[in-house]
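**Q** Got a predicted structure plus its sequence, pasted below:
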Amino acid sequence: MTDLLLKGGRPWTPGEPLAPADIAIADGRIAAVAPDLEAEGAQVIDLDSATVIDLEGAIVLPGLVDAHCHLDKTMFGGPWVPNTGGRTLEGRIRNGEGRRAELGVPSPDYAANLLSAMVAAGTSVVRSHIDIDPEVGLGGVEAVREAAARLAGRVDVELVAFPQGGLLTRPGVPALLEAALRDGVEVVGGLDPAGFDRDPAGQLDLLFDLAERHGAKIDVHLHDQGLLGAWEYELIIERTKATGMAGRVAISHAYAMGGLEPDHQRRIADALAEAGVAMITCAVGGAPVVPVRLMAEAGARLAIGNDGIRDLWTPYGDGDMLRRVNQVSFRDRLMSDPEIELALAAGTHGGAAVLGLERYGLAVGCNADLLAVNASAPAEAVVGVPPRRLVVKGGAVVARDGVLSAPHSP
Ligand SMILES: [Zn+2]
């Protein structure tokens, strides 16, 4: 029995031309994709009970994947708070920790506000870093889990235990990270092993040990630039190979990558691909984004995230992943349609690969997580950031024209 029939859309798969097709959805999965299902599919699928939505030629994209954000930090939907973070990493960390109690973060309400905006804009899966330190403990994990529970069925949220204030330099943090992993947090995070903790081998050995013992993935914030940052990529690649963690390790931000000499960039990209280490870029800060074309040519995984949104670190952001894909594409000077589509692939399939999502995409059998936008070409959707006319998660319509649908009863 088909639950939903999306008629007359043009599904997008990276590297393939668009073609008109209907999409039939049953039990949360894509059951059939063909040009005219009512004529051609009548023999094989039962369309009698389906809700029919005419997409009128809209492009259908697989659900957007926000591979890097900070739901615990956000004040989204709350009063305007002028930014007092300053311009240094240390100053922002102090400001972030110093004012969060006064401003009521981490907050399940603010996190739910942001998740709602993400859903309305077509994001179906989110990886959020959560600050872990002696003052907040696991309070951020609890707040974001509560927000995610309110949006259950409309977006999936994966958590990273993130030592924002330092790992080795902060007594008690390693034990708190371990407690978070024991509590079911899926990913262990790091922060500038050299530039902040000043002991790269020490921090990375600790992270890989924690990940191995708890079956966790790894995602390291790495702002360190130049040869220092590049050397840390090598340390992460070496440890990933040694521990057999290919496909489970990511370097977030990776500010050094875009500024390296071309030969050096190429060697790093090849080594990332070989070791199964991903990069996640957010187009924040002054450093160049991770080069999108180079990563694709090397076969290395690249994902995109929104990073901080309306928090004590930044006054900017709206949670819209298509806009973030636009910013990455713009910052990387991607010009031709195939180049721009590489950025869109990073914001969709790339994120799904980095998060290890199964049954992702628009093929038969995939989870029915998708969105529809009016655009003549995928590149135009990235450039124009059009309204999302329809968002579907797990086969249910969760938003139309930018407005969240009422939760459906289970
Ligand atoms: Zn971040």
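**A** Arrived safely, thanks for sending.
**Q** tell me which residues of the least confident helix or strand in the chain by mean pLDDT are tucked away?
**A** Ranked by mean pLDDT, DSSP states H and E, the helix or strand of the chain with the weakest confidence is helix 37-40, at a mean of 79. Within helix 37-40, the residues that count as buried by 16 or more other CB atoms under 10 Å are residue 37. Bear in mind the C-beta positions are built from the backbone N, C-alpha and C, glycine included.
**Q** by contact count, what packs against it?
**A** strand 4-11, strand 21-26 (3 or more CB pairs under 8 Å, 6 or more residues apart in numbering; DSSP states H and E).
**Q** So which residues of the protein form helices?
**A** Under the criterion DSSP state H, the chain contains helices at 37-40, 89-103, 108-120, 139-150, 173-182, 200-214, 226-243, 262-275, 292-298, 321-331, 337-345, 351-355, 378-384.
**Q** Dump the fourth one to CSV, keeping only the CA atoms.
**A** If I follow you right, that is helix 139-150. In CSV, the C-alpha atoms belonging to helix 139-150 read as follows (Å, rounded to 0.1, in the frame of the first residue of the first chain):
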residue,chain,number,x,y,z
GLY,A,139,23.6,19.2,31.0
GLY,A,140,23.9,20.0,27.3
VAL,A,141,23.4,16.4,26.3
GLU,A,142,20.1,16.3,28.4
ALA,A,143,18.8,19.6,26.9
VAL,A,144,19.5,18.6,23.3
ARG,A,145,18.1,15.1,23.8
GLU,A,146,14.9,16.7,25.1
ALA,A,147,14.7,19.0,22.1
ALA,A,148,15.3,16.1,19.7
ALA,A,149,12.6,14.1,21.5
ARG,A,150,10.1,16.9,20.8
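**Q** And it, what's buried?
**A** Buried residues in helix 139-150 (16+ other CB under 10 Å): 139, 140, 141, 142, 143, 144, 145, 147, 148.
**Q** ok, and the closest non-adjacent residue to residue 172?
**A** What sits nearest to residue 172 in space, not counting adjacent residues and going by CB to CB, 6 or more residues apart in numbering, is residue 134, at 4.6 Å.
**Q** That neighbour: neighbour count?
**A** 12 (other CB atoms under 10 Å).
**Q** what's the answer for residue 20, then?
**A** Residue 20: 14 surrounding residues under other CB under 10 Å.
**Q** wait, isn't it in contact with residue 7?
**A** No. If you go by CB atoms under 8 Å, residue 20 and residue 7 don't touch, sitting 9.5 Å apart.
**Q** Quick one, grab the pLDDT at the closest residue to residue 220 other than its chain neighbours.
**A** Spatial nearest neighbour of residue 220, chain neighbours left out: residue 190 (3.8 Å); criterion: CB to CB, 6+ apart. If you check residue 190, the pLDDT there is 96.
**Q** How about the one 5 residues further on?
**A** You'll see residue 195 listed with a pLDDT of 89.
**Q** Was I right to think it contacts residue 220?
**A** No. The criterion here is CB under 8 Å, and residue 195 misses it with residue 220 at 11.7 Å.
**Q** Which one of the two is surrounded by more residues?
**A** Higher neighbour count among residue 195 and residue 220: residue 220, with 27 against 16, using other CB under 10 Å.
**Q** and the more buried one, what does it touch?
**A** Applying CB atoms under 8 Å, 6 or more residues apart in numbering, one finds that residue 220 lies in contact with 189, 190, 191, 193, 204, 207, 236, 250, 251, 252.
**Q** now with 10 Å?
**A** 160, 162, 188-193, 203-204, 207, 232-233, 235-236, 249-254, 277, 280 (CB atoms under 10 Å, 6 or more residues apart in numbering).
**Q** now swap in residue 293 and tell me
**A** Per CB under 10 Å, 6+ apart, neighbours of residue 293: 332, 333, 334, 338, 339, 342, 343.
**Q** ok, the residues you listed vs residue 106, which is closest?
**A** The nearest member of the contacts of residue 293 to residue 106, counting by CB to CB, is residue 343 at 30.6 Å.
**Q** which non-adjacent residue is nearest that closest one?
**A** Residue 343 sits nearest to residue 329 (CB to CB, 6+ apart), 3.9 Å away.
**Q** Could you report the neighbour count for that neighbour?
**A** Residue 329, neighbours per other CB under 10 Å, totals 26.
**Q** returning to that earlier point: next, show the common contact partners of residue 20 and residue 7.
**A** Both residue 20 and residue 7 are contacted by 36, 55, under the criterion CB under 10 Å, 6+ apart.
**Q** who's in contact with the residue most central in space within the chain?
**A** Central residue of the chain (CA atoms, centre = their mean): residue 67, 1.6 Å from the mean position. Neighbouring residues of residue 67 by CB under 10 Å, 6+ apart: 125-128, 158, 219, 250, 252, 278, 280-282, 301-306, 321, 346-347, 350-355.
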